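Asks: I'll drop the sequence and a predicted model, then ask my questions.
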Amino acid sequence: MRGLEGKGVLITGATRGIGLATAVRFLQEGARVFICARNADDVARTVAELSGQGVAHGQACDVSQPRDVAALVAAAEAALGGVDILINNAGIAWQEPFLDIPLEHWDATMAINLRGMFMVAQAVARQMVARGQGGAIVNMSSTNGLEGEPQYAHYNATKGGALLLTRTMAVELAPHGIRVNAVCPGYILTPLNEGLHDQAFIEHYIRDLIPLGRTGRPEDVAAAYAFLASDDAAFITGAALTIDGGQLAG
Ligand code: NDP
């Protein structure tokens, strides 16, 4: 894709699943990456693995913690010589009925998926505005931000919030040459949901709900992230790109 070569890319939540595939994709495009996750050992191992494929840095960070976020963005700015692209990917999910959701799960989901997304985006956007060279931000939403899947009320609320955060940022940051978009993946098989569902559930889900007849792969989402961050998407801002094998199409 055009315009990714040499770019500095900060990717949150990139030690496994979609974030890891995205780091690999940006390295393949010739970009330099800085990754984070909460588990420091996983970050060190992932950076070591990625370094065989290009320029990779990383630091442990919990995106729900203001001090962690400030340190993360400062370290990424220093290592990359400026963050050109932010992939705001980190997120968690619980599956539980609305009537049973404990306040701690509600608060943690909000703190990571939405407040964390806001804090990282604000810190990075402030640096982009100060540098005056524009940039691209892609926020992680979900098909759950477009439709209310049962047993995910807290998760759905954060993903719907991510969409309006994205649109508002897109309008406010456009004068600075910063594009802001969102991705809305459907069912992507990653460690996030591998523990939640057995094989019978997955087969039933595919047969009944996904016209393309398979679950998504982390690489399917990585490609969408890369496109929205690239110059091929130069006139796209405030958009939400659905990657769901046709699930929401009808
Ligand atoms: P995984 O659980 O496989 O990976 C999540 C990554 O985020 C890990 O690297 C994890 O590392 C990190 N992470 C979690 N919490 C935090 C935190 N507080 N601060 C920093 N890093 C954190 O998830 P997926 O790859 O499946 O999901 C990635 C994103 O995509 C999420 O936002 C999710 O909601 C979204 N999504 C996923 C879909 C799917 O079907 N899988 C569908 C639609 C959206 P660590 O635990 O060490 O912090």
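Replies: Yep, it's here.
Asks: any idea how far residue 191 is from residue 168?
Replies: To residue 168, residue 191 is 31 Å away according to Cβ to Cβ, to the nearest Å. All C-beta spots, glycine's among them, are computed from the backbone N, C-alpha and C.
Asks: ok, now residue 153?
Replies: 23 Å.
Asks: The two: who's more crowded?
Replies: Between residue 153 and residue 168, residue 153 has the larger neighbour count (other Cβ atoms under 10 Å), namely 18 against 12.
Asks: quick one: the more buried one and residue 100 touch, right?
Replies: No. The criterion here is Cβ atoms under 8 Å, and residue 153 misses it with residue 100 at 10.2 Å.
Asks: Now for the closest residue to residue 179 other than its chain neighbours: which residues touch it?
Replies: Using Cβ to Cβ, 6 or more residues apart in numbering and skipping the chain neighbours, the partner closest in space to residue 179 is residue 237 (4.1 Å). Shown in contact with residue 237 (Cβ atoms under 8 Å, 6 or more residues apart in numbering): 170, 174, 179-181.
Asks: quick one: contacts for the spatially most central residue of the chain?
Replies: Central residue check for the chain by Cα atoms, centre = their mean: the C-alpha nearest the mean position is that of residue 89, 1.9 Å away. Contacts for residue 89 were tallied using Cβ under 8 Å, 6+ apart; they are 11-14, 18-19, 22, 140, 225.
Asks: This protein: strands as residue ranges?
Replies: 8-12, 32-37, 56-60, 85-88, 135-140, 178-185, 240-243 (DSSP state E).
Asks: Report whether the helix or strand of the chain with the lowest mean pLDDT contacts the ligand.
Replies: Every helix and strand of the chain was ranked by mean pLDDT, DSSP states H and E. The lowest is helix 191-194, at a mean of 87. Yes. Helix 191-194 is in contact with the ligand by Cβ under 6 Å from any ligand atom, via 191-193.
Asks: Name the residues of that helix that are buried.
Replies: For helix 191-194, a neighbour-count test (16 or more other Cβ atoms under 10 Å) marks residue 193 as buried.
Asks: again, but for stretch 207-226
Replies: Per 16+ other Cβ under 10 Å, stretch 207-226 contains these buried residues: 210, 215-216, 218, 220-226.
Asks: Mind giving me the packing neighbours of the longest helix seen in the chain?
Replies: Using DSSP state H to define each element, the chain has its longest helix at helix 153-173. Secondary-structure packing of helix 153-173 (3 or more Cβ pairs under 8 Å, 6 or more residues apart in numbering; DSSP states H and E): helix 103-109, helix 117-131, strand 135-140, strand 178-185.
Asks: where's the second one relative to the chain centroid, distance-wise?
Replies: Right, the one you point to is helix 117-131. 15 Å (Cα atoms, centre = their mean, to the nearest Å).
Asks: Could you check how far the residue nearest to the centre of the chain is from residue 220?
Replies: Applying Cβ to Cβ, the value for residue 89 to residue 220 is 14 Å.
Asks: ditto for residue 41
Replies: Shown here: residue 41 relative to residue 220, a distance of 28 Å by Cβ to Cβ.
Asks: residues from the protein in reach of the ligand?
Replies: Proximity of the chain to the ligand (Cβ under 6 Å from any ligand atom) is limited to residues 12-19, 36-39, 42, 61-64, 89-93, 112, 116, 140, 142, 185, 187-188, 190-193.
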